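**Student:** model the structure of this input:
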Amino acid sequence: MKRNWGTKLKTILLASAVTLFAFALICYPKQSLEASIRGLNMWWEVVFPSLLPFFIVSELLISFGVVNFLGVLLEPLMRPLFRVPGVGGFAWAMGMASGYPSGAKLTARLYQEKQLSTIEAERLASFTNSSNPLFIFGAVSAGFFNNPHLGLVLAVSHYLGNISVGLIMRFHGIRKEQGRPKRNPRPFSFPYALRTLHQTRLKNEQPLGKLLGDAVRSSVQTLLMIGGFIILFSVVNKLLYMMHLTEQFAPLLRQLLRLAQLPEQLDIPVFSGLFEITLGSQMISQTEEAMLLEKAVATSFVLAFGGFSVQAQVASILAEANIRFQPFFVARLMHGAFAASFTYLLWKPLYVRTANGEPGSIPAFLPAVPSSAWDEGWRLLQQYGPIVTLLFLCLYIWLTAKADNETRGRL
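**Tutor:** Numbers count the residues shown, from 1 in each chain. Below you'll find the predicted structure:
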């Protein structure tokens, strides 16, 4: 009986939320259109052209067996540290390089290829999703804050936080694995890795053109879905503000900010960042009542949490592969806490000394890259990104039409 009431209550809540959203669209058409265009521009200029190459290359690397090759080589590292197979190292590296939600897409792909168990897929998805360096250095640091030195502390804190999440999530699902035979990491063997690469390539006998076309179609389909979520949550965020619901949730957020010893004026910017990281980071950077350290801590949390927009994208990708979303959401909360804490702890060694030009402040594992290079890369992406997006959308339409004609020909 209680279960029936629970399902009925869920139905009522979902129907009420969608009805309220539709009513808000009717009441605020101009603001909804502006928010929709803003989300579309972000996807059109930045998200599509920056993620598409990584998605296509990832699909080809999986098809040609390069991922299996790397998996064998990385097995002695990934299995003891994170309790995932060596192929997880590929998803981890590509997720860090390309940003949200590449890690989830690659995890789902590896799971569908049966290279991961369900528990291993949940672990891997939890720490392979992160903001890419171009966004942190170019958009946030140089673009929003006009402070190139800030990118170093944000990036180091972000990726150290992700590693910390992975080390904790290694214990996720450990009870479910107790009855199964223990999988010890295979010793490092380059010849065995080469044999695995060759055997995987031989299993896939499709022509190169077919593999490339499938990779483009699959990647564009995922990016179209991502674009829809970006536009949707951009509109939702704006409508919440217009209906003054943001102000209703602000008191609760102020209490949390007090616990973190952050100024209350960050409540609405952080709340916006919980939905969409770009808008939230920009609003945080414009909060004059907060000191730079406080803004950096808040921004670091928002970047690590990812926003409900990114989480909805990940949830959709994981659902297609029947991977649970709950562990990923818990990991995002942990990542936000870790990243904010590392930002506070590393503020003096990575920002104060770097900004003052003191030597020895940049870790050896993170080579210093001129901030102007990231800024220039971000500018070029915004300038030429729409052209790349348009060209590949046309290519996607042509490939889809060609595939449909071939299917009709067989029938």
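**Student:** rest of the way, CA atoms for contacts and neighbours
**Tutor:** OK.
**Student:** please tell me how far the residue nearest the centre of the chain sits from Phe55.
**Tutor:** When CA atoms, centre = their mean is applied to the chain, the residue found nearest the centroid is Tyr100 (2.0 Å). Distance of Tyr100 to Phe55, computed by CA to CA, to the nearest Å: 11 Å.
**Student:** helix, strand, or coil at Leu116?
**Tutor:** coil (DSSP: H, G, I helix; E, B strand; the rest coil).
**Student:** check contacts around it.
**Tutor:** Each residue near Leu116 by CA atoms under 8 Å, 6 or more residues apart in numbering is listed here: 84-85, 110.
**Student:** what about 10 Å?
**Tutor:** 84-88, 107-110, 122, 124 (CA atoms under 10 Å, 6 or more residues apart in numbering).
**Student:** state which helix of this structure is the longest.
**Tutor:** helix 371-410 (DSSP state H).
**Student:** now find how far off-centre that one is within its chain.
**Tutor:** 20 Å (CA atoms, centre = their mean, to the nearest Å).
**Student:** same for that helix, what does it pack against?
**Tutor:** helix 29-42, helix 48-63, helix 150-169, helix 208-242 (3 or more CA pairs under 10 Å, 6 or more residues apart in numbering; DSSP states H and E).
**Student:** if you average the pLDDT over it, what comes out?
**Tutor:** Regarding helix 371-410, the rounded mean pLDDT is 77.
**Student:** okay, strands next: where are they in the stretch 51-200 of the chain?
**Tutor:** Assigned by DSSP state E, counting those that start in this stretch, the stretch 51-200 of the chain shows no strands.
**Student:** what about the helices in it?
**Tutor:** 66-82, 88-98, 102-112, 118-127, 133, 150-169, 190-203 (DSSP state H, counting those that start in this stretch).
**Student:** make CSV out of those helices and add distance to Leu350 and mean neighbour count.
**Tutor:** Output for these, formatted as CSV (distance: least, CA to CA, whole Å; neighbours: other CA atoms under 10 Å):
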stretch, distance to Leu350, mean neighbour count
helix 66-82, 26, 21
helix 88-98, 20, 23
helix 102-112, 27, 25
helix 118-127, 23, 26
helix 133, 16, 22
helix 150-169, 6, 23
helix 190-203, 38, 16
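**Student:** turn these into CSV, including mean pLDDT and distance to Lys238.
**Tutor:** As requested, those are arranged in CSV below (pLDDT from 0 to 100; distance: least, CA to CA, whole Å):
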stretch, mean pLDDT, distance to Lys238
helix 66-82, 84, 39
helix 88-98, 87, 27
helix 102-112, 91, 26
helix 118-127, 94, 29
helix 133, 87, 27
helix 150-169, 94, 27
helix 190-203, 78, 48
